[in-house]
Structure formats: C-alpha cells, structure tokens
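In: missing the sequence, but the structure's below:
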C-alpha cells in the first residue's frame, strides 16, 4: 500500500519491521527490493533480492527483479541475468502460449548491455520489446506453434549457449510441449509448415527430454534432472518402450532417495510431493507386469506415507490385512489409482486376488462440452483408455464446484444444471457399467470407496445404489473403533460468526440463514447435549468441548482446505480463530462415533491439483479415533442442507450411519412437495422463536405452490455432496 502511495521509505520501514518478526519471509525481502529499486538504491535492492533467493532459490520474481536492478547498474551482472532467463521462462512456460512478454524483461545485458547499461529498468523493458517485436514478429504467434517458436528462438539465435542451464531448461520445455500436443484431444497444429503425426510428436518429445538430461545432470542440478526424468518416463510408456521406461523409473527413485537424504523434514515433504509421480509410475509398472497385489500394496504404502504425520500410521499394509479388516462376503472395496499414464480401478473382495477393471476404449468423437476444456490446470496426459487430458478436462469441470453459497441459491448454472449429464460422461470414463456388473456377479451390497488424487473431488457414490463409505486409505478403516447405537449425547458448535484472515485481509463468510434453525432443532432432538454459540466458539472452548465425552460432534459453520499446507486446513470459529487439522490430530477423539461437518466443502481439497494424496479434515478426525465423519464435497444451498441433515439424524435413530445416509439421499432426491411440507411441519412444531419459524414457514409456502408431482431436489447437486468417511466392520453391515 505504501509503495502504491509513493511512500517508499515508509514501505521499506514496514518491510524491515516484518523481517524482524520473520527473517526468512522471502516475500518481504522481495517487496523491500522493489521499494529500494524505485528509490534508485540498486545495490541495496540487489542485496534484498539475494536474501530472498537464499531462502527460496527458484523464486522467479526475485531473479527477474534482481536482473533488472543488475542491468540498470553501472556494471551489469551477466551471470545473474542468465540465471534470471531460466527462472523467468520457467514461470511463463505454464501458460498456453508464448508472447513477447517472455522477452520484454529478458536479460538485455546479454544482448546489448553496453548501450543500455545506464538506462532505467522501464527503458530497458521498452527497448527489449521494440527490439524483438520489430526484428522477430514470429514471436507473436499463439498456440502450439507460438510455444514451439518461442522455445526454439533463443536456441537458434545463439542467445543461449549450449550445455548451459537455460539450454537444458528450454529443451525440457520443448519436450513437455511436444508431449502435451501429442495427447491433446483437440490438437492445435500450426496452420502452415510441418504437421507432425502423434507418433512423431512422441519421438520429438523423447529426443528433447534426452537432450535436456545431457545438460541438466544430477550432480549439477539434481532437482531439475529429476523433473526431466519424471517427464521422460510417460513418453517412453506411450511409445511402448516399457524396458526403457522401467530403467528410467528405477534410476529416478534411486536418485530421489539420495537427494532426500539429510534434507530437513519440511524440504523432504516438499520434494516427496513434487516427485510423487515416480511412486505412481512404480504402481503402474506392477500393473503392466500383472502383479496387482504388489501394485495395491505400493499404492497403499504411498497413501500412508502422506499420512505419516498422523499418529501410529504404518508405512506398510499387506493386501491380506486389507481383505481381513475391511471386506466381508457382501462388502467390497473399489480402490482407484491415478498415475501420469493411466487410471486404474481395483475391485477387492473378501477372498481371492484383486480384480482390475478394464478401461473402456477411447470414444470418438470426444464428447465433452467445449467449456469443459477451458482453463485445465493440468498439462500431463495419459493415453491408456482415455487420454489424461480428456479425463482431466471433466475432472477440472466438476472440481470447480466451489461457489458462493446464499439462501437465494445463486449457484451458477454452468455446472449445476449440467451436473447429471457430466456425471454420465464421468461414468463412461470410470467404466461404471463394468464395475456394476462385477458387483452384481459377486453379490456385493456395501461398498468402500478409496479414491486417489483428483477423484477425491467427485461424488463417486452417486453411481451406485448400495450404501458406500469413503476412506482416505485402507489403513484408516482398519482401526479398532467402536460403534454402539443409539448415538447420544451430542456436542454442538452453532454457526460461528467467522471473519478469517485470508491473504492478509479479513473476509466475511457467506451467511448460513438456516444454520441456527438447524442447531435449534438438533438440540431438541438430542436432549442430552452441550453447545457453543457466537462469542463462546473460541479455539480453547472448542477443544474443551471436543474432549468432553459424547457420541456425536456436530459442526454447523464454514471450513477451508489449505492445498499448500494441508495441516493448516481448518474449521472457522469465532472471528479470526480457527481449529486446524494439526490441532485436531493431537486430540484423542475415540469417544465419538460420528463427527458431522455440515460446513461448506469440508471434504474437498480445493481447486489446486492434488499431486499425491488427499490429507484434510476428514483424515484428521479419522486418525484421531472418530469412527465416521459426515462431510460435504461442495456448497449446498442452506435450506436444502438443513433439510438433509435433520432427515439424516431422524434416520440415524434407527439405522447405522451408512444406511441413514443412503435413506436420506433417496428421500431428498424423490421428495414431492407434500413430503417436503410434512417435514417442514414436523420441524415447525419444535420451533418457538418467531425469527426461526418465519424463514421456514416462507420456504414451506413456496414448496406448497409447486406441482404435486414435482421433485425439486432431484438434481445431484442437492444430495450427492454429502459423503460418509470411515468404516466399522460389524454384523449389521
């Protein structure tokens, strides 16, 4: 704010103050450098950027700004400008096309430092833009053609010297661009010139990656070497070079484990997540070799590695243990695994080897709506069955269910109204008809669903008529939890007024107009209860309430998932206070049979790519001893949520949670106006306050005006969001 006001010295003072509290805060060092460069203090600015780069060596903005400062100084630092080119282009490589913006901040000192060394940073940028736009207009090309042209440009023009860091980087980016183009369901070939076939693109990608490896050696650039190797393996798989892919995979895992040695825990976690495809490809190799048991055990080992910061999580769980603890003659597991080259679905029965569900052939033409391919966050693709790019287009469309909730239901229709059709397409991708046939052949009546990565975002239970549990990993279903109905008493958190700090600003969360009505009715339904309201909902009081013995904990409020640091995912409490996953996992919550999180998106993982495994609020509660967790995948309109929750608890009085949830889904999906009005009348009898009765009465009147045969909540949006995680093996299941 002070920089924008032009108060640069005050801005520097603020940054200095921030750095007193947190000396390793790289963004503060970056901002301080920006203020200093605007003051003309170039040497001090460079020193600030150096501090930022010591903390985060691959921070592209620090390299970019340092390069500008160095190019503007009396003696330009060409070595740093070369480093800048690499990091700046690395960032821009994420975009769908290249433009002159790649070069407008380019290290001009490398090209004509003598003539520009005394000019300002802005003049340097303008000179670079003019220089390249006039002399090389082909850099304005868009799409695949533009990307390839821009990547090859510095190589052909001699701007980048062979066997240097930028040289290896550009060849790596070429390989990625060529591979993505080969897997693009709607390829964008250049309008003129060569039109390479899919096979040619794969071989071009392989050559580009191998060229990059020659320069980006493990000894000099270990992390970059692993990145290229990780991208090369799927290329080899796609052109059927399985032996070569296997050799690269073994080498990659050995080098990664060597690179992880002696690294601090936080750095080990970062690197392990970043290079998780190595482990996913290892599972894929076992599948190709027909060793399905080893594939599942390896996949499960990886899941539990991601949960290792939970107490007593094993690194190894044998297939026989999974069958023994989770399966019965009528209960089976659907276990998914998503790698850079394939989506695999395993059916695990009480006896015998796992069954691999074959993927359907790739249908032609591609049937997704055009809008589904917009803004896809993933560049990797897989070929087997369905291309990963095609599969991810739909996952991306369905995963952006996070919309602002309101009583008037302002949810955009671009996904809600098309949800049923999109789920039908997803059913084809997952080959649900074949799965259903297998379940029928083996007499399966109950399912345990163990998704992987992006599949955690999707309502997989909606494809099956039988009750279904979710588990983050098989291990979290093997705990010796108790379940003894009836479920009472209740501990209740009632609609905290939260104003969390997000991006350094206080955010007022969307109102939940029926939350207080829901809480009031739950207190009536559970005579034995304890509850917190309004200003009482502090972190200390919430922890105390959680520790107080009860059978059910119900949270009626908002939640958030932190994709960058899952341990900081949280429930929002009073004002800025939160209850994080890290805190929850430290509690002993074995006395709870059910935790109900009637909050927005408590089960989802955010819109960011899930590189490895899902770790969030559900995992935290299960690892702390809770038997079942009821949560939601997306925001459901407040009135429908309250109707659903209250009906669920009504069925819960006589049924185990999985059956109660299935009965509630069926009820809401098929409820006519008469049945909905009956439910409203039953709730109105237990409400005494006018401010509670009025909104419910208004909704009842609106429902009563609908046609008698209408089913207003038939859309999966209303009932498919609610999922039950956890498992208890008993005679009743």
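Out: Noted; the coordinates are in hand. Keep in mind that this is a model prediction, so the values were computed, not measured.

In: unless I'm mixing things up, residue 466 is touching residue 447, no?
Out: Yes. Counting by C-beta atoms under 8 Å, residue 466 touches residue 447, with 5.9 Å between them. Where C-beta positions appear, they are placed from N, C-alpha and C, glycine not excepted.

In: any common contacting residues for those two?
Out: Residues touching both residue 466 and residue 447 by C-beta atoms under 8 Å, 6 or more residues apart in numbering: residue 439.

In: neighbour count for the two, which is higher?
Out: residue 447 (22 against 16; other C-beta atoms under 10 Å).

In: am I right that the more buried one sits in a helix?
Out: No. Using DSSP: H, G, I helix; E, B strand; the rest coil, the assignment for residue 447 is strand, not a helix.

In: is it in a bridge, and if so with what?
Out: Here residue 447 sits in beta bridges with residue 332, residue 468, going by DSSP bridges.

In: and it, how far is that from residue 428?
Out: 19 Å (C-beta to C-beta, to the nearest Å).

In: cool, residue 637 as well?
Out: Taking C-beta to C-beta, one finds residue 637 at 29 Å from residue 428.

In: swap in residue 19?
Out: For residue 19 relative to residue 428 (C-beta to C-beta), the value is 54 Å.

In: which one of those two has more residues nearby?
Out: residue 19 (17 against 14).

In: hmm, that one is touching residue 29, no?
Out: Yes. Residue 19 is within contact range of residue 29, at 7.0 Å (criterion: C-beta under 8 Å).

In: would you point out the helix or strand in this protein whose mean pLDDT is lowest?
Out: helix 108-116 (a mean of 33; mean pLDDT, DSSP states H and E).

In: now the end-to-end length of stretch 495-509.
Out: The stretch stretch 495-509 measures 11 Å between its terminal residues, going by C-alpha to C-alpha, to the nearest Å.

In: average pLDDT for it?
Out: Regarding stretch 495-509, the rounded mean pLDDT is 72.

In: same thing with stretch 359-376?
Out: 37.

In: distance between whichever helix or strand residue 422 is part of and the chain's centre?
Out: Following DSSP states H and E, one finds residue 422 within helix 419-429. Remark: helix 419-429 is offset 20 Å from the chain centroid, using C-alpha atoms, centre = their mean, to the nearest Å.

In: show me which residues of stretch 224-232 are buried.
Out: Buried residues in stretch 224-232, counted by 16 or more other C-beta atoms under 10 Å: 224, 225, 226, 227, 228, 229, 230, 231, 232.

In: okay but the third one is in contact with residue 254, surely?
Out: No. In this structure, residue 226 is not within contact of residue 254 by C-beta under 8 Å, at 10.7 Å.

In: A strand includes residue 579, no?
Out: Yes. Residue 579 forms part of a strand when assessed by three-state DSSP.

In: what is the burial count for it?
Out: Neighbours around residue 579, by other C-beta under 10 Å: 23.

In: now do residue 712
Out: Residue 712 - counted by other C-beta under 10 Å - has 16 other residues nearby.

In: what pLDDT does it get?
Out: 94.

In: repeat that for the one 4 residues further on.
Out: We note a pLDDT of 92 for residue 716 in this prediction.

In: please apply the same query to residue 123.
Out: Value listed for residue 123 in the pLDDT field: 51.

In: what do you get for residue 401?
Out: So, for residue 401, pLDDT stands at 37.

In: ditto for residue 98
Out: For residue 98, pLDDT reads 33.

In: same deal with residue 301?
Out: For residue 301, the model assigns a pLDDT of 88.

In: quick one: it is in a helix?
Out: Yes. Assigned with three-state DSSP, residue 301 falls within a helix.

In: moving C-terminal from the helix or strand hosting residue 258, which element do we reach first?
Out: Assessed by DSSP H and E, residue 258 sits inside helix 242-260. Note on helix 242-260: by DSSP H and E, the next helix or strand toward the C-terminus is helix 265-274.

In: next, the angle from that following helix to helix 242-260.
Out: Angle, helix 265-274 to helix 242-260, by axes from the mean of the first three to the mean of the last three C-alpha atoms, to 10 degrees: 170 degrees.

In: tell me the helix or strand right after helix 265-274.
Out: helix 276-288.

In: just checking, what packs against that next one?
Out: helix 222-238, helix 242-260, helix 292-306, strand 331-338, strand 343-348 (3 or more C-beta pairs under 8 Å, 6 or more residues apart in numbering; DSSP states H and E).

In: how about a cut-off of 6 Å?
Out: helix 242-260, helix 292-306 (3 or more C-beta pairs under 6 Å, 6 or more residues apart in numbering; DSSP states H and E).

In: what pLDDT, on average, does it get?
Out: Here the average pLDDT along helix 276-288 is 91.

In: flag the shaky bits of the stretch 1-150 of the chain, pLDDT-wise.
Out: 58, 60, 67-68, 70-142 (pLDDT under 70).

In: how close does residue 305 sit to residue 456?
Out: For residue 305, the distance to residue 456 - C-beta to C-beta - is 17 Å.

In: for residue 149, same thing?
Out: In terms of C-beta to C-beta, residue 149 sits 39 Å off from residue 456.

In: got phi/psi on residue 356?
Out: Note on residue 356: backbone dihedrals following degrees, to the nearest 10 are phi -90, psi 120.

In: tell me if I'm right that residue 687 and residue 693 touch.
Out: Yes. Residue 687 is within contact range of residue 693, at 5.0 Å (criterion: C-beta atoms under 6 Å).
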